[in-house]
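K.L.:
can't give you the sequence, but here's the structure:
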């Protein structure tokens, strides 16, 4: 129970900040904060798949879009039939929470479907297949007129808030942290280190990989839902490969295997994007993606472990190596 | 465990850091803003200056800057100069939303111009409406954009009208009964236009012999064109962007499909003629203005634009110019420069003589404007006819 | 019936373009076991080099075979250089690193080429000068064939034959095969593996560059992102045929071109790109070594 205390404190801090910041913090900074939080959830969820389980996935934006569209579809239906439900101070949070959960589960199901064929695939092939799945999802969404197709879906109710985003982040980190430090987590790490040896040792690598995909997809879906209900507009073009790539760079920069790294890198890169805006205005050129890709190459050549490697923030405070009894 | 002792300390530091990050002034969304003080009037623009639709954003930007320059040279509005703050959205809706948020809350602009594409306007409009800052989109044609709220206006005709323009032209002028449609499914503008064309054309007694699609970015259209060819249409309606239409024209002729193509204002670019070459000759598209328009207003605009930017303006440049001019005119008519007064002044725009026609805004904040039909001939866009709403 | 034949012809034409790109892909994978994501972008660079060369030398004013050859030469040399640099700077230092690092770097290189291409060339599409034309029309009634595309088909097949000869009948080819089998063993045998790898890269990249010029000629619109989809599809084609196998690359590409054309012509035009990925998933599930691949077990 002791280990739950820091998480409880974190949640309390989130709620505290929610009341301090909402409607008080300047809207522009608030936007950056919200996107940073959503990106942190995305990065952490991808880290589970790519960092902890070693499965390089390039289609993460697909899971985000699935969760976003699924949740938006439901809430726009409710908004049309029963709009008061969405403003009710008691029912609305419960409803939204439920919708987030549903979106996550639907995404997880997609992740399961993606994980299945990927079982037999090696790193490079798996990567392209995940890219392919991301593309397939995007094309399907484009063709379904009921969710707007190329027009996109507008008029999504504004249900996301600071508390929802950062609260979800805390929950995401908690779940992944616990998962990684469990028996299943050791299976993930074993798959990453040496799949053949793991299989030989009796680890069910199939189950591990599929579980990793499904869990990663779950949180990506929730992030997508949070995104949809903040921007209030969804368009398939938002969830292209570039989006997947932006999440990848966050995970790689932070350290594949460090949740702290994912969060820090996500926040850093989100803020950097806005900081680079004046550069864009002056030169009329978008250097951002060039910088990202160079960053990726440079990182891989010089510091493939990223900022945090596989360490978490807690390891900075261990003076002596703990001997586990 | 050390962790459980340290983490709350970290949490506390983080909270303090974030609070100092926050500006503690209570921010309310004012119903009516104060008239701006200072010698400049700040106006925001959101456009795609980078990305594959950069030419659209760039043209619009050119039109706006030309207009502002002219106005400032003549003394500005109510003695103050207009200053444009231009932000790029890289062609992405969520970037457009962030950009307009910055313009409205940080830069405190009194009005926003943008965006070209309806998908980005739809992302921006709720925010402009929420902060009660007037927004004018020069060229988004999706009807939903102005439905967002009373602070959102547009300067161009909407897709339902544009679709029927070509339908009318096809039946009445070209006297065609059978048309195939080739739409860009990745582009809401294209899909919308195709739907409205189909409606209008069928209502006028025409027949759509084939309705198929491609995705922006495709290079090869022969499969779709082969299928279309087998249905023997008299023309093909291709309401996409110039980026693909040029190639489509080539491949259609290669397959022996010697029928005219028809399209919308997405064709408007010199690149269409470049890429389409002689294969796009003899095709028609609807647009907002024609460079052959003899009216002094249009000719003056064209020569000024040419002098400043070294190229004949396309429709987007014209509409950017018009949007800026209408805005300035509204500023002049408004009794004071508060947001509600500006909004009302824009809404009351009546019979404003602009490059792209006479603008009167209806109660839905859309203009009632005519469209022109142009023909690609002898390497130029030649005026054919005007279609009134 | 006529439509079917026309679709068939269209499909072969499309496939022969994928084949040109797939040849380079498969060669590099064969020797380095690396999916060079940047291959599609080298193809893009070839198109741009061809365009700028043509513009600088005013080749479009007198369309001729000579002009085309000049543009091709420029593109091939330029792309060979680019391929050499990429291998040296980004891939060689990582040869001993975990595979995933190499993969990530390849993605990084690909994106770098795309986005700096947008910065340098401008993101808007450009017109590729018509530096070569075949006046002869190939039409049989309603059936229309673009002579340039027949040319590309022949070039692909000829290149395939040449490459087969090089790989199986020359000393250098033997060195390539040995290095592909095992770097360490090959270098122990005295083969300069680094040079062999560089050479393979340069060869593959120059093929991509040539493809870029030819495609620019046939589909005269080029832009910095034009290599992404064709690159991925060429990869799928190479896998389809058996990655590492030169004949397989061409056959796989033709199959892909045909299936794409028929899918679009007979029903689902907007799923054209998704088809390639669906095919990839299917082939990896049911016959991971492709049509011509060896029966190996290294997909574990």
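P.N.:
Looks like it came in fine. Please read all numbers here as calculations on a predicted model, not as lab measurements. Numbering: from 1, shown residues only, chains lettered A, B, ... in the order given.

K.L.:
what residue ranges in the chain score low on pLDDT?
P.N.:
You didn't say which chain, so I picked chain A. Chain A contains residues with pLDDT under 70 at A:1, A:119, A:284, A:315-325.

K.L.:
try again with chain B
P.N.:
In chain B, residues with pLDDT under 70: B:1-31, B:52.

K.L.:
how many neighbours does residue C:96 have?
P.N.:
For residue C:96, the neighbour count with other C-beta atoms under 10 Å in any protein chain shown is 7. Yep, even glycine has a C-beta here, placed from its N, CA and C like the rest.

K.L.:
Pretty sure it sits in a helix.
P.N.:
No. Per DSSP: H, G, I helix; E, B strand; the rest coil, residue C:96 lies outside any helix segment and is coil.

K.L.:
Which residues are in contact with it?
P.N.:
With contact set as C-beta atoms under 8 Å, 6 or more residues apart in numbering or on different chains, residue C:96 has no partners.

K.L.:
separation between it and residue C:84?
P.N.:
20 Å (C-beta to C-beta, to the nearest Å).

K.L.:
Report whether residue B:179 is found in a strand, as I expect.
P.N.:
Yes. Following the definition three-state DSSP, residue B:179 is counted among the residues of a strand.

K.L.:
right, and it touches residue B:238 too?
P.N.:
No. Applying C-beta atoms under 8 Å as the test, residue B:179 and residue B:238 come out as separate, 10.5 Å apart.

K.L.:
got any residues that touch both of the two?
P.N.:
Joint contacts of residue B:179 and residue B:238 (C-beta under 8 Å, 6+ apart) are residue B:262.

K.L.:
for chain C, what are the nearby residues on chain B?
P.N.:
Proximity of chain B to chain C, by C-beta under 8 Å from any C-beta of the partner chain, involves residues B:50-52, B:54-55, B:185, B:212-215, B:217-220, B:222-224, B:226-227, B:229-230, B:243, B:246-247, B:250, B:254-256, B:271, B:274-275, B:277.

K.L.:
show me where the stretch 151-300 of chain A has strands.
P.N.:
A:153-154, A:233-234 (DSSP state E, counting those that start in this stretch).

K.L.:
my bad, should have said the stretch 251-389 of chain B
P.N.:
Under DSSP E, counting those that start in this stretch, the stretch 251-389 of chain B gives strands at B:261-263, B:284-287, B:352-354, B:357-359, B:371-377, B:380-387.

K.L.:
Dump the ones you listed to TSV, plus distance to residue A:238.
P.N.:
Converted to TSV, those look like this (distance: least, C-beta to C-beta, whole Å):
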stretch	distance to residue A:238
strand B:261-263	27
strand B:284-287	29
strand B:352-354	34
strand B:357-359	33
strand B:371-377	31
strand B:380-387	34
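
K.L.:
Take those strands and write them to TSV, including mean neighbour count and distance to residue A:69.
P.N.:
TSV is the format used below for these (neighbours: other C-beta atoms under 10 Å in any protein chain shown; distance: least, C-beta to C-beta, whole Å):
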stretch	mean neighbour count	distance to residue A:69
strand B:261-263	27	30
strand B:284-287	28	33
strand B:352-354	17	39
strand B:357-359	20	37
strand B:371-377	22	34
strand B:380-387	17	38
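
K.L.:
Could you check whichever strand or helix holds residue B:101 and say which residues are buried?
P.N.:
Using DSSP states H and E, the element containing residue B:101 is helix B:93-101. Buried residues in helix B:93-101, counting neighbours by 16 or more other C-beta atoms under 10 Å in any protein chain shown, are found at B:93-101.

K.L.:
go on, stretch A:145-153?
P.N.:
A:147-153.

K.L.:
Could you list the residues in contact with that stretch?
P.N.:
Identification of contacts with stretch A:145-153 by C-beta under 8 Å, 6+ apart yields A:69, A:72-73, A:76, A:141-143, A:154, A:228, A:233-236, B:93, B:118-119, B:122, B:142, B:144, B:185-188, B:190-192.

K.L.:
and if you look at stretch B:365-372?
P.N.:
Contacts of stretch B:365-372 (C-beta under 8 Å, 6+ apart): B:143, B:146, B:150, B:152-158, B:161-162, B:165, B:286-290, B:293, B:346-347, B:349, B:356-362, B:383-389.

K.L.:
Looking at the buried residues of stretch A:145-153, which are in helices?
P.N.:
Judged by DSSP state H, the buried residues of stretch A:145-153 include no members of helices.

K.L.:
Quick check, residue A:234 in contact with residue A:72.
P.N.:
Yes. The pair residue A:234 and residue A:72 passes the contact test of C-beta under 8 Å, sitting 5.6 Å apart.

K.L.:
What about the residue in chain C that chain A sits nearest to, how many residues nearby?
P.N.:
Going by C-beta to the nearest C-beta, chain A is nearest to residue C:277 of chain C, at 2.9 Å. When neighbours are counted by other C-beta under 10 Å, residue C:277 registers 24.

K.L.:
Where do the helices of the stretch 151-300 of chain B begin and end?
P.N.:
B:159-168, B:188-203, B:222-230, B:242-254, B:270-276, B:296-309 (DSSP state H, counting those that start in this stretch).

K.L.:
and residue C:109, which of those helices is closest to it?
P.N.:
Closest approach to residue C:109 among those is made by helix B:242-254 (26.2 Å; C-beta to C-beta).
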